[in-house]
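> Show me how the following folds:
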Amino acid sequence: MKKILLLGLMWGMLLQGCEELLPSAPASNEILDGPIEGLSAAQMHTFLAGDEAFSEVFVPESGLGPYFVTSSCVTCHPGDGKGHPSSGLTRFGKFTNGSFDHMLAQGGPQLQNHAIPGFEAETIPAEATGITVFLAPAVTGMGLLEAVPDADILAKADPNDLDSDGISGEPNYIIPPVFFKPKTHHLANAGRYIGRFGKKAGAIDLLMQTVGAYKQDMGITSDFDLEDPINFNDSEIAIGQVGDPEVSASTVNQVVFYLQTLKPPLRRKAEDSDVIEGEMLFEQIGCATCHLPTMTSGPHAVEALAYKTFHPYTDLLMHDMGTDLDDGYTEGTAITSEWKTPALWGLGLSKNAQGGLYFLMHDGRAGSIEEAIMMHGGEAAAAAEKFEALAQADRDFVVRFLESL
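Predicted structure coming up:
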């Protein structure tokens, strides 16, 4: 008996010692991953299934390619955060008779720069004139953004700058895919709907975004889109290695649910006096005109997403950002120099997903928050000039505020 008690005591001491040696879990506001509060047990089950599907690494035997950019969702969205330049997405097109041509007949709109063995990676057609690179965004809080009523977005639009503030945000209207089913909060405009996801707001909802990413990023077909990307250097028809669909509608819907119910980024150091000062300056110099602090979701089948007030720092509108940021490429009704106001929540955690360094703006050209602000032109030039005119200490306050988001 004494021997058993001694062994039990030793085992207990060993467990306690291991606990002291193991690192503590990060605080929930230091990571992007995790579900939004208020999900039911059944919804948590779907969330976890979506998380598993989002993490799947595809190989040729499971449908990867034959042409692709990356082999998994998490390669572009590590930790559900922003992507690194090494996984940037190249898109291309050209103007034909005044309209932008995404060159679908030549493999557009996205370059698949990798191929499985036996196939040739795609190259950009020589005729392309608009070539751009997008870094993948963080994917947290997207369900709340998806649930903002179109009427609320339109209420903030001022395409003709009638208030003469120099800001003329307008929605980007997108032709919906055949599988799109409008919700009660969607408002049609000549058969198009407001885009709200992607750098150019080219996707209307998260289903459209997810189906497009499966196909264009990984060469994965689904029940929603049964055609593989085409490399016209290899063939004029889509060539898949695995029977279609390569993922089911059920799997796609689980990933969509996962994206919808990822928690919004949580604030850090919001009570810090420097952060409070920076927030005040952020509003004073005009940044909050487009990076709108507060939005409210409308009705939603998931109670945790319905009628919630949240703080994404975007207006979901397109703004002309000037010639330096005109990439010659566009989607929907936007002109080539227009970009959707990116949500700023989670900005301070971006480095964690980008290898310890900032790669900001649409293509990662800015190495710091301050540098990114200074690159704002067009409608945002006045705010950038006011930021530049601040004393360095005040600029630092603004940066600390942004890092707290």
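
> Kindly state the beta-bridge partners for the residue lying closest to P171 once chain neighbours are set aside.
Excluding its sequence neighbours, the residue lying closest to P171 (Cβ to Cβ, 6 or more residues apart in numbering) is I194, at 4.4 Å. Quick note: C-beta positions are derived from backbone N, CA and C, even for glycine. With DSSP bridges as the criterion, I194 is bridged to Y173.

> quick one: I194 from G169, how far?
According to Cβ to Cβ, to the nearest Å, I194 and G169 sit 12 Å apart.

> got it, and Y313?
For Y313, the distance to G169 (Cβ to Cβ) stands at 14 Å.

> and N253, what element?
Element membership for N253 (DSSP states H and E) is helix 249-261.

> Check what contacts that helix and list those residues.
Identification of contacts with helix 249-261 by Cβ atoms under 8 Å, 6 or more residues apart in numbering yields 35-36, 39, 43, 46-47, 49-51, 53-54, 73, 139, 142-143, 146, 206-207, 209-211, 214, 222-224, 302, 304-305.

> Which residues does the helix or strand just after that helix contact?
Following helix 249-261 in sequence order, the next helix or strand is helix 273-284 (DSSP H and E). With Cβ under 8 Å, 6+ apart as the test, helix 273-284 has contacts from 269-270, 288, 291, 386, 390, 394, 396-402, 404.

> For the buried ones among these, write the corresponding PyMOL selection.
Here is the PyMOL selection string for the buried members of the contacts of helix 273-284, based on 16 or more other Cβ atoms under 10 Å:
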select buried, resi 288+291+394+397+398+399+400+401+402+404
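
> Looking at the contacts of helix 273-284, spot the one nearest T123.
Closest to T123 out of the contacts of helix 273-284 is H291 (37.3 Å), distances taken as Cβ to Cβ.

> who's in contact with the closest residue to that closest one other than its chain neighbours?
Distances taken as Cβ to Cβ, 6+ apart place Y313 nearest to H291, at 4.2 Å, with adjacent residues excluded. With contact set as Cβ under 8 Å, 6+ apart, Y313 has these partners: 288, 291-293, 343-345, 405.

> Just put those in a markdown table and tack on distance to G355, secondary structure and pLDDT.
Putting the contacts of Y313 into a markdown table (distance: Cβ to Cβ, whole Å; DSSP: H, G, I helix; E, B strand; the rest coil; pLDDT from 0 to 100) gives the following:
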| residue | distance to G355 | secondary structure | pLDDT |
| --- | --- | --- | --- |
| A288 | 30 | helix | 98 |
| H291 | 25 | coil | 98 |
| L292 | 30 | coil | 98 |
| P293 | 29 | coil | 98 |
| A343 | 21 | coil | 98 |
| L344 | 20 | coil | 98 |
| W345 | 21 | coil | 98 |
| L405 | 20 | coil | 97 |
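
> Now do the contacts for the closest residue to A115 other than its chain neighbours.
Distance criterion Cβ to Cβ, 6+ apart; nearest residue to A115, sequence neighbours excluded, is A121 at 4.4 Å. For A121, the contact set (Cβ under 8 Å, 6+ apart) comprises 67, 112-115, 231.

> Strands - which of those land there?
Of those, the ones assigned to strands by DSSP state E are 67, 114-115.

> From the residues you listed, pick the one nearest E371.
Closest to E371, out of all of these and judged by Cβ to Cβ, is H114, at 30.4 Å.

> what about that closest one, how many neighbours?
18 (other Cβ atoms under 10 Å).

> Name whatever forms a beta bridge with L262.
Per DSSP bridges, the residues bridged to L262 are P35.

> Quick check, it in contact with A138.
No - counting by Cβ atoms under 8 Å, L262 sits too far from A138 to count as a contact (9.2 Å).

> Mutual contacts of those two, please.
Residues touching both L262 and A138 (Cβ under 8 Å, 6+ apart) are 32, 80.

> Tell me, how many residues neighbour the closest residue to G322 other than its chain neighbours?
Once flanking residues are discounted, G322 sits nearest to G377: 2.7 Å by Cβ to Cβ, 6+ apart. Around G377 there are 16 other residues, counting by other Cβ under 10 Å.

> Next one: G377 relative to S24, how far apart?
Applying Cβ to Cβ to G377 and S24 gives a distance of 44 Å.

> same deal with L402?
27 Å.

> Assign a three-state SS to the residue nearest to the spatial centre of the chain, would you?
The residue lying closest to the centre of the chain (Cα atoms, centre = their mean) is P137, at 3.2 Å. P137 falls in the coil class when you classify it by DSSP: H, G, I helix; E, B strand; the rest coil.

> for the closest residue to it other than its chain neighbours, what are its contacts?
Distances taken as Cβ to Cβ, 6+ apart put K82 closest to P137, at 6.1 Å, once the chain neighbours are dropped. Residues near K82 by Cβ under 8 Å, 6+ apart: 135-138, 350, 353-354, 359.

> That'll do, ta.
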